[in-house]
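1. Below is the sequence, then the predicted model.
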Amino acid sequence: MTQSHLTEKQHLGYGLVRDFISEYKVECLKSPGFCITRQKK
């Protein structure tokens with residue numbers, strides 16, 4: 001396993017997390033109740 005391969009994997013994971021957060025923010029803006037129900041868990 002090379003160093004570049006490891007960095008590539010981390011970058012991909014970061015991209016997925018960033019996408020998830022942006023999607024989550026959009027959902028919150030569309031329906032505030034969505035955030036409240038998610039945070040209670």
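-> Ah, there it is.

2. Summarise which helices and strands the helix with the most length in the chain is packed against.
-> If you go by DSSP state H, the chain has its longest helix at helix 3-30. Where contact means 3 or more Cβ pairs under 8 Å, 6 or more residues apart in numbering; DSSP states H and E, helix 3-30 is packed against helix 32-40. C-beta coordinates here come from the backbone N, C-alpha and C atoms, glycine included.

3. any idea of the mean pLDDT for the helix it packs on?
-> The pLDDT scores in helix 32-40 average 66.

4. Please apply the same query to stretch 8-24.
-> Rounded mean pLDDT across stretch 8-24 is 82.

5. Centre of the chain to that stretch, how far?
-> 5 Å (Cα atoms, centre = their mean, to the nearest Å).

6. Show me which positions of the longest helix of the chain end up buried.
-> For helix 3-30, a neighbour-count test (16 or more other Cβ atoms under 10 Å) marks nothing as buried.

7. Can you tell me how far Gly33 is from Glu27?
-> The gap separating Gly33 from Glu27 is 10 Å, by Cβ to Cβ, to the nearest Å.

8. do the same with Gln10
-> Distance check for Gln10 against Glu27: by Cβ to Cβ, it reads 26 Å.

9. Same check on Val17?
-> 16 Å.

10. repeat for Leu12
-> For Leu12 relative to Glu27 (Cβ to Cβ), the value is 23 Å.

11. Over to Gln3?
-> Taking Cβ to Cβ, one finds Gln3 at 37 Å from Glu27.

12. Ok, Lys9 next?
-> 27 Å.
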